[in-house]
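In: Fold the following for me, if possible:
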Amino acid sequence: MAARSKARKRALDILFASELRSQDPVEALEGAVADGEGPTNAYTGELVRGVQSHRRRIDEVLGQYAQGWTLDRMPAVDRNVLRIGVYELLYSEDVPGAVAVSEALALVRDLSTDESPTFVNGVLGAVMRDKADLV
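Out: Got it, this is the predicted structure:
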């Protein structure tokens, strides 16, 4: 697994766990680093901090593009993978859109429901198509 793929998986772990615990993801990240359990790849921290700092806008975009689904109804894995994907699509200049979508799909294929890849692909594909209007 490539270094950035591992970083995305670790960022997902942190975002998912902190949501379940009602904990700030950045605090969870910093706590893991302080305890020696933290990520060794700086990109994990960039993703967690980026998703958290843009969370309001990311969730607005998801609410707009996840037709028929509220954030609360989505599986937690899908919700957090989508947050990472939207962050990379809208705010990471060094990540091509196709890579962001592909990496998100790989995560949900491995970790979520059978329907998740189709759902995530549809949402992120629409966000990528409309990116210029969303930034």
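In: Please work out how many residues are found near residue 63.
Out: 11 (other Cβ atoms under 10 Å). All C-beta atoms are positioned from the backbone trio N, CA, C, and that covers glycine.
In: do you know how far it is from residue 130?
Out: According to Cβ to Cβ, to the nearest Å, residue 63 and residue 130 sit 14 Å apart.
In: what's the answer for residue 27, then?
Out: 33 Å.
In: in what helix or strand does residue 8 lie?
Out: Per DSSP states H and E: residue 8 is located in helix 3-20.
In: Now do the next helix or strand after that helix, average pLDDT.
Out: Note on helix 3-20: by DSSP H and E, the next helix or strand toward the C-terminus is helix 25-34. Averaged over helix 25-34, pLDDT sits at 89.
In: what separates the residue lying closest to residue 55 once chain neighbours are set aside from residue 26, distance-wise?
Out: Leaving aside its sequence neighbours, residue 55 sits nearest to residue 83 (Cβ to Cβ, 6 or more residues apart in numbering; 7.2 Å). From residue 83 across to residue 26, the span is 14 Å (Cβ to Cβ).
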